[in-house]
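K.L.:
Make a model of this:
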Amino acid sequence: MIPYGKQSIDQADIDAVLNVLQSDWLTQGSKVPAFEDAVASYCKAEHGVAVNSATSALHIACLALDVGSNDIVWTSPISFVASANCALYCGAKIDFVDIDLNTGNMSVFELEKKLLLAEQNNCLPKVVIPVHLAGQSCDMQAIHQLATKYDFKIIEDASHAIGAKYLDKPVGNCEFSDICVFSFHPVKIITSAEGGMAVTNDDNLAKHLKRLRSHGITSDKSEMTDASHGPWYYQQIELGFNYRMTDLHAALGLSQLTKVDEFVKQRHHLAKIYDTHLDLNLVRPLQKIYTCYSAYHLYIIQLNNSDTTRHKNAVTQLRAAGIIGHVHYIPIHLQPYYQALGFKVGDFPNAEKYYQGAITLPLHPSLKEQEVHFVLNTLQQILN
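P.N.:
Next up, the predicted model:
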């Protein structure tokens, strides 16, 4: 079977993990801060805070921005459920902004329209979470301009997008956001086996994120409510979580980070083959906007004139041929849990139309060119 995504592990990665296994520190040693510094430096951000998953990073990012029970958070309906769940974990209300059908990303037009109405109804969001689908950045400058006008905070869900660029700068530099979150799951651009990171340019947010990932505990005397009892002393000053990353995971992440540009370059090379040979009468790839350099976490196509049966048959027949075609994503608002919250079919028509025709084709650095052509030929036969 040809998977839609797959990690690329070499001997250097294995050696990095073995070195930690043979060291004195398996959990909270030197590798975690080294990985945090390396990612922050790569993204040209001030701080990195490593955690055990991007979901954890999204959760504590919301908490660090004081999201609570009286607040509203908006995100994209085309994402993994974690992009919305993180707000519910904080007791906040969640809502969605429909997508741009050309990119799959949050539509700036729909966002502005929804903000105008929310201002009239006195229900503006506290935080907006744009999702960089497939590794292509949202139009962050435009979203930031709206944030300034309507006074909301921004968390970039860049789970797909380490190695991507926006306006010729690395995604994660936080020029147009308060916090940016990455995922290092095995199918992502680089992996730490499991893990995530929040990056920010705000010193206080970074301190808060680090407390929240470790039970709300501090050893910083300046944050304590009374005098320290000695060098062993710590205080829990808020309710936090055990969201820490281990040195084992960080060592793998550090090794992988040295190859991120190489991985993205190879993804672009393979994506160009898809672009060149796709029959555009049958499908259309999501269009890249000129301000972006995608990390190409996913290669997503849209079936032209698709319906539910044609869509299902195409994915089923790809799998029968040994190709893991997939769909990223089922609109979050159509999940049973979210429908129980009051969302329904028709709420976000672009997202629903996108879902009816979206297919993710295999794309990862170890994918061979002949495998790409096999996917293309098989897809052509299925759709014809």
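
K.L.:
need the helices for this structure, in chain order.
P.N.:
Along the chain, counting by DSSP state H, helices occupy 11-21, 31-43, 54-64, 82-89, 108-120, 140-150, 203-212, 247-257, 260-277, 308-320, 336-340, 349-357, 369-383.

K.L.:
Thr218 bridge partners, please.
P.N.:
Gln235 (DSSP bridges).

K.L.:
hang on, isn't it packed against Tyr234?
P.N.:
Yes. Assessed by C-beta atoms under 8 Å, Thr218 is found in contact with Tyr234 at 6.5 Å. Every residue, glycine included, has its C-beta placed from N, CA and C.

K.L.:
The two - which one has more neighbours?
P.N.:
Neighbours per residue (other C-beta atoms under 10 Å) separate Thr218 from Tyr234, with Thr218 holding more: 19 against 14.

K.L.:
which residues does that one contact?
P.N.:
211, 224, 234-235, 237 (C-beta atoms under 8 Å, 6 or more residues apart in numbering).

K.L.:
and what of Ile324?
P.N.:
Contacts of Ile324 (C-beta under 8 Å, 6+ apart): 1-4, 318, 362.

K.L.:
Go through the residues you listed and name the one nearest Val283.
P.N.:
Leu318 (12.3 Å; C-beta to C-beta).

K.L.:
Tell me how many other residues surround the residue nearest to the closest one when sequence neighbours are not counted.
P.N.:
The shortest distance from Leu318 to any non-neighbouring residue, by C-beta to C-beta, 6 or more residues apart in numbering, is to Gly325 (3.6 Å). When counting by other C-beta under 10 Å, one arrives at 22 neighbours for Gly325.

K.L.:
quick one: Gly325 from Leu303, how far?
P.N.:
Remark: distance between Gly325 and Leu303 (C-beta to C-beta, to the nearest Å) = 11 Å.

K.L.:
From Cys43, how far out is the closest residue to His132 other than its chain neighbours?
P.N.:
Spatial nearest neighbour of His132, chain neighbours left out: Ala161 (4.1 Å); criterion: C-beta to C-beta, 6+ apart. Applying C-beta to C-beta, the value for Ala161 to Cys43 is 10 Å.

K.L.:
Looking at the two, which is more packed in?
P.N.:
Ala161 (33 against 22).

K.L.:
Check what pLDDT that one gets.
P.N.:
Model confidence at Ala161, given as pLDDT, is 98.

K.L.:
Next, the contact list for it, please.
P.N.:
132, 135-137, 171-172, 182, 189, 294-295, 297.

K.L.:
List the ones among these that fall in strands.
P.N.:
Phe182 (DSSP state E).

K.L.:
Pick the one among the contacts of Ala161 closest to Asn102.
P.N.:
Gln136 (10.5 Å).

K.L.:
Quick check: that closest one touching Lys165?
P.N.:
No. Counting by C-beta under 8 Å, Gln136 stays clear of Lys165, with 10.1 Å between them.

K.L.:
list residues touching both of the two?
P.N.:
Joint contacts of Gln136 and Lys165 (C-beta under 8 Å, 6+ apart) are Cys292.

K.L.:
Neighbour count for the two, which is higher?
P.N.:
Gln136 (27 against 18).

K.L.:
Now do the same contact list for Leu111.
P.N.:
So Leu111 contacts 74, 97, 128, 143, 146 (C-beta under 8 Å, 6+ apart).

K.L.:
residues touching the last one, list them.
P.N.:
Shown here is Leu146, whose contacts under the criterion C-beta under 8 Å, 6+ apart are 108, 111-112, 115, 152.

K.L.:
Same question for the first one.
P.N.:
Residues in contact with Trp74 (C-beta under 8 Å, 6+ apart) are 94-97, 111, 114, 125, 127-129.

K.L.:
how about 6 Å then?
P.N.:
95, 97, 125, 128 (C-beta atoms under 6 Å, 6 or more residues apart in numbering).

K.L.:
of those, closest to Arg310?
P.N.:
Val97 (28.0 Å).

K.L.:
Okay, domains of this protein per the record?
P.N.:
11-257, 260-383 (automatic domain parsing).

K.L.:
Comparing the ones you listed, which comes out most buried?
P.N.:
Highest mean neighbour count of these: domain 11-257, a mean of 20 (counted as mean count of other C-beta atoms under 10 Å).

K.L.:
quick one: terminal-to-terminal distance for that domain?
P.N.:
The first and final residues of domain 11-257 sit 14 Å from each other (C-alpha to C-alpha, to the nearest Å).

K.L.:
isn't Phe343 right next to His333, touching?
P.N.:
Yes. Counting by C-beta atoms under 6 Å, Phe343 does reach His333; the two are 3.8 Å apart.

K.L.:
Show the secondary-structure elements that the lowest-mean-pLDDT helix or strand in the chain is packed against.
P.N.:
Every helix and strand in the chain was compared by mean pLDDT, DSSP states H and E; the lowest is strand 283-285, with a mean of 93. On a contact count with 3 or more C-beta pairs under 6 Å, 6 or more residues apart in numbering; DSSP states H and E, strand 283-285 meets strand 299-303.

K.L.:
residue ranges with poor pLDDT in the stretch 201-350 of the chain?
P.N.:
Counting by pLDDT under 70, not a single residue of the stretch 201-350 of the chain qualifies.

K.L.:
Same question for the stretch 1-150 of the chain.
P.N.:
Looking at the stretch 1-150 of the chain by pLDDT under 70, you get an empty list.

K.L.:
and the residue nearest the centre of the chain, what is it in contact with?
P.N.:
Residue closest to the average C-alpha location in the chain (C-alpha atoms, centre = their mean): Ser159, at 1.9 Å. Residues in contact with Ser159 (C-beta under 6 Å, 6+ apart) are 54, 183.

K.L.:
End to end on stretch 183-195, go ahead and measure it.
P.N.:
6 Å.

K.L.:
and Glu238, how far is that from Ser69?
P.N.:
16 Å.

K.L.:
I meant Glu371, not that one.
P.N.:
49 Å.

K.L.:
And Ala54, by the same measure?
P.N.:
24 Å.

K.L.:
Likewise for Leu58?
P.N.:
18 Å.
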